[in-house]
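sequence plus predicted model, see below.
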Amino acid sequence: MKLRIIWIDDSTAWVRSVRSDIEDALTQEGFTLEILQFQNTDDAYSAIFESYVDLILVDCNLPGQDNGDQFIVRLRRNRCFANIVYYSQDVANLASVRADKYFQHTSPRDDITDTLGLVSEQMYRKYHHPAFMRGMLLSEFIDLENLMEELIAKFFRNQAAFFKENIIYKGGESYSFATKQKFISRMLKHENLSAAQKSQIQEIGFSSSSFSTKILECRNVLAHAFPAYDDLTGTIKLMSSIKEVEFTSDWFHQTREDIHLFKKKIRNILSLNLHELINP
């Protein structure tokens, strides 16, 4: 199983000295590692939102817009809920971040490999527990839907709050996930868009067919999933009442990757400020 890691530390010499030990600690449960290293929070922030991240290792004192603890707060405010290990040479610095024991850990620098060994074991148990993975993916789907609502509301400019409160939130099934996607697709074909803007949208690639297959179908399968006891293995498996799916860790990770791909697409569309033309 692949484990995607962002590691932020401006001391390249220290990172080189401990990297092999850290890799050993993280692979003890059989994970295959994909590690991206950064020396400042600015570059790391962009990479984190390019795709999903399983684990973020962040030092306390860093160059860039934020220090380590400020960086974590910014990530959480922008809906990044990856596991985080926050470490420092000075133990007193760790008091600035409260460890929650599930998704956030603090560690003195000298104890980082021991901490990551525990984190690796914990993540393995989570990623092989269908109920946990189901809950995490449903949260990711909700986050994607929130981004879609943010985009839709933008098209209504000064009436955005009214539209969300009275149309989206009160629409129930009549304003479902699929309906929101269709609304966005129509807006992306608006007659006021220039050829250059249409070309930008095509590059983003927010197609209805891809969205239906990779997002709507998987979301519906997961929403109708339930636990069942497997007599052969003596374990609890996840079953879906609408489609036969083998809920392996690979299925969960691929679905999560697809969700984050569409999150990125929505953020890119948001950056185009299309509401200035569609609803001037």
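Arrived safely, thanks for sending.

start to end distance for stretch 229-245?
One end of stretch 229-245 to the other measures 16 Å (C-alpha to C-alpha, to the nearest Å).

wait, what's in contact with the closest residue in space to residue 74 that isn't next to it in sequence?
Nearest in space to residue 74, with sequence neighbours left out and distances taken as C-beta to C-beta, 6 or more residues apart in numbering, is residue 66 at 5.9 Å. (Glycine included, C-beta is placed from N, CA and C.) Contact criterion C-beta atoms under 8 Å, 6 or more residues apart in numbering gives 41, 73-74 as the residues in contact with residue 66.

run the chain-centre distance for the host helix or strand of residue 263.
When secondary structure is defined by DSSP states H and E, residue 263 falls within helix 249-270. Centroid separation between helix 249-270 and its chain, computed with C-alpha atoms, centre = their mean, to the nearest Å, is 8 Å.

show me which residues of it are buried.
Neighbour-count burial for helix 249-270, with 16 or more other C-beta atoms under 10 Å as criterion, is recorded at 251-253, 255-256, 258-263, 265-266, 269.

mean confidence for stretch 164-179?
Averaging pLDDT along stretch 164-179 gives 75.

chain center to that stretch: distance?
Put simply, stretch 164-179 sits 24 Å off its chain's centre (C-alpha atoms, centre = their mean).

and the contacts of it?
Outside stretch 164-179, the residues within contact range by C-beta under 8 Å, 6+ apart are 141, 145, 148-149, 152-153, 180, 212, 215-216, 219.

mind checking which of those are buried?
Listed as buried from the contacts of stretch 164-179 are 141, 145, 148-149, 152-153, 180, 215-216, 219; burial here means 16+ other C-beta under 10 Å.

mind listing the helices for the protein?
Secondary structure of the chain (DSSP state H): helices at 12-26, 41-48, 68-77, 112-127, 130-154, 160-163, 177-187, 195-204, 208-211, 217-223, 249-270, 275-278.

check which helices and strands the fifth one sits against.
Using 3 or more C-beta pairs under 8 Å, 6 or more residues apart in numbering; DSSP states H and E as the contact criterion, the secondary-structure elements in contact with helix 130-154 are helix 112-127, helix 160-163, helix 177-187, helix 217-223, strand 225-230, strand 235-240, helix 249-270.

mind doing that once more with 7 Å?
The criterion is 3 or more C-beta pairs under 7 Å, 6 or more residues apart in numbering; DSSP states H and E, and the helices and strands that helix 130-154 contacts are helix 160-163, helix 177-187, helix 217-223, strand 225-230, strand 235-240, helix 249-270.

do the same with the second one
The contact analysis (3+ C-beta pairs under 7 Å, 6+ apart) places helix 41-48 against strand 2-8, strand 32-38.

tell me the most buried of the ones you listed?
For the helices and strands packed on helix 41-48, average neighbour numbers computed from mean count of other C-beta atoms under 10 Å are highest in strand 2-8, which has a mean of 21.
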